[in-house]
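Build the 3D model from these lines:
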Amino acid sequence: MPNDDNDLFREVTLRLCGSLDLGEALSETFAYLRQRMPLQGISLAVYDGKARSLRMLVMTTLDYALKDPFAIPLSDEGRRAAEEILALDHGRTRLISRGEVHPLSLDILRGLTERFEPGSAVRTMLEQNAPHSLLIADLVLSGQRLGQAAFIAPEVEAFTQAWLRMIETLKAPFAIAVSNFLRHEETVRLKNRLAQDNQELQHDLLRRSGDRIVGASGGLREVMHLVRQVAPLDSPVLIQGETGTGKEVLANSIHRLSPRCTGPMISVNCGALNESLLDSELFGHEKGAFTGAVSRKRGRFERADQGTIFLDEVAELSPSAQVKLLRVLQTKTLERVGGTEPIEVDVRIIAATHRNVQAMIEDGSFRQDLWFRLNVFPVTIPPLRERKEDIPLLVRHFLEKKAGEMKRAEVPELTAEAMEQLCSYDWPGNVRELENVIERGLILSGHGHLAFPGLIEPHRATSGQPDQADKPPVPLDQAIAEHIRKALRHSRGRIEGPFGAARILGLNPSTLKGKMRRLGIRRSEGFSAAE
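Numbering: from 1, shown residues only. You can find the predicted model right below:
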């Protein structure tokens, strides 16, 4: 036995606690202690009373080593013996001079034997069950029982009281090693569960946003050709198109076809973000950065690391946010609000807008250098009125989707007249408006034929009106403003709710309010026009 117990404690602690690989750490500790004690092996285990088993964490002996945890079922006699030891020896070390006949030891021996092939040298040795003695140390840390360490000697009554006292001094590093192992095991388990939950969430979000590209072989054939070209790369993509054309669905498709498909897909509606919290949402903040910042928060860019971030309505970003976004694109780093350290991010950016950005650049509301960074690979989605051959497929898709959400036993059929009515309408709200019309038709139809009384056929909409063909088109913002006013009149000034203007236009209420502020439209215009 060594003269300096401090040296022994230090050497054992360094070997046991220097690695999260508990099997390797125990092997090194066993080799060290065997020079000072009559040891044949050491094991670390946790008794599970509910499962009536002993969970062997690691075990190392002169003849074999088991480095992966496994459970050993206990007999009634073995379970009673284990509970007797635990009841009597909380935090103590128990000496068992005849381990080969002890009930708990016999159960462990049977469990170990099954780990090896019949006829192997190790199994033959275990089946012989040679006489041996045991020291079982109850491992306790901060009042919590963590498990048990068993020290095996190849002879009966091999351990003396001096050896027992030495093991008593070494229980702390053994307890710390087991605690570290169990904490690391739990961290890995939670990480794996989080990764699985994240994957399931991504799939669910894709399903909810409608990940199927209807019209990929029709009106969107050229668009999908571009998507397949750019998806395998990391180049920024800019998706342009009118509101409701399915820009987010296309962004999801690009992500799903890219090498980053196993990473996160984070969507941000830039027009819906509150200006005062925009920096925090996109780039995160440190604890105490502002009132209410009670903890550190990762922003959307950090959460999208190794994946894709979709910046919808990117033209709605404030000038200060545009500057920070440009910095992220240039340096691939960001700083949290209240932070000073740069954080590297590996993110692919897909942006989308329905605005005339060139006009915004000319009037100074959008940075030209940021536009050059975003507009590397532009993809324009044609409006639904320009690809009416896709309408029948979209109608069938939305009928099946909405009927399933409403738990309808059968998908109702459309009459030829109803389909003709849908195909002849110009769909200013595009695919989103079509989806809403189908849902409304299903609600109103009950179990009868679908009808769409809210749609105005083109020849009725223009009856009695002078020919508009030769008139030049009005500016886009003027057309949008008139469309919003029309929706407000229809909703009698309501913005939110199932019959509000936002629902009619297929917009988020916050987005609609932002557009109204920008275009100088008052909510009261809906009341005055409707009364």
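
which phi and psi does the residue lying closest to Arg408 once chain neighbours are set aside have?
In space, and not counting its chain neighbours, Arg408 is closest to Leu442: 7.4 Å by Cβ to Cβ, 6 or more residues apart in numbering. Yep, even glycine has a C-beta here, placed from its N, CA and C like the rest. Main-chain torsions, Leu442, degrees, to the nearest 10: phi -60, psi -40.

Report the contact partners of Leu442.
Each residue near Leu442 by Cβ atoms under 8 Å, 6 or more residues apart in numbering is listed here: 399, 402-403, 406, 408, 412, 450.

what pLDDT does the nearest residue to Glu24 once chain neighbours are set aside get?
Once flanking residues are discounted, Glu24 sits nearest to Lys67: 7.4 Å by Cβ to Cβ, 6+ apart. Note on Lys67: pLDDT of 87.

now the one 5 residues further on
Ile72 carries a pLDDT score of 91 in this model.

Can I take it that it is in a strand?
Yes: using DSSP: H, G, I helix; E, B strand; the rest coil, the assignment for Ile72 is a strand.

That one: neighbouring residues, count only.
For Ile72, the tally of surrounding residues (other Cβ atoms under 10 Å) stands at 19.

My guess is it contacts Met56. True?
Yes: the pair Ile72 / Met56 is scored as a contact, 6.0 Å apart, by Cβ atoms under 8 Å.

where do the contact lists of those two overlap?
With contacts taken as Cβ under 8 Å, 6+ apart, Ile72 and Met56 have 108, 111 as neighbours in common.

Can you list the buried residues in stretch 315-325?
Neighbour counts over stretch 315-325 (16 or more other Cβ atoms under 10 Å) mark 315-317, 321-322, 324-325 as buried.

for stretch 165-175, same thing?
Buried residues in stretch 165-175 (16+ other Cβ under 10 Å): 166-167, 170-175.

Okay, helices next: where are they in the stretch 351-500 of the chain?
357-362, 368-374, 391-405, 416-424, 430-445, 458-461, 476-490 (DSSP state H, counting those that start in this stretch).

so which of those is the most packed in?
helix 430-445 (a mean of 19; mean count of other Cβ atoms under 10 Å).

how far out from the middle of the chain is that one?
On the basis of Cα atoms, centre = their mean, to the nearest Å, helix 430-445 sits 31 Å off its chain's mean C-alpha point.

Same check on stretch 50-68?
34 Å.

Next: stretch 144-162.
46 Å.

swap in stretch 166-175?
Taking mean C-alpha positions (Cα atoms, centre = their mean), stretch 166-175 and its chain are 41 Å apart.

circling back: using CSV, please lay out the helices of the stretch 351-500 of the chain together with mean pLDDT and distance to Leu233.
Converted to CSV, the helices of the stretch 351-500 of the chain look like this (pLDDT from 0 to 100; distance: least, Cβ to Cβ, whole Å):
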stretch, mean pLDDT, distance to Leu233
helix 357-362, 89, 22
helix 368-374, 94, 15
helix 391-405, 88, 29
helix 416-424, 86, 37
helix 430-445, 88, 27
helix 458-461, 43, 42
helix 476-490, 84, 31
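
between those helices, which gets nearest to Leu278?
Ranking the helices of the stretch 351-500 of the chain by their distance to Leu278 (criterion: Cβ to Cβ) puts helix 368-374 first, at 15.1 Å.

Many thanks, we can stop here.
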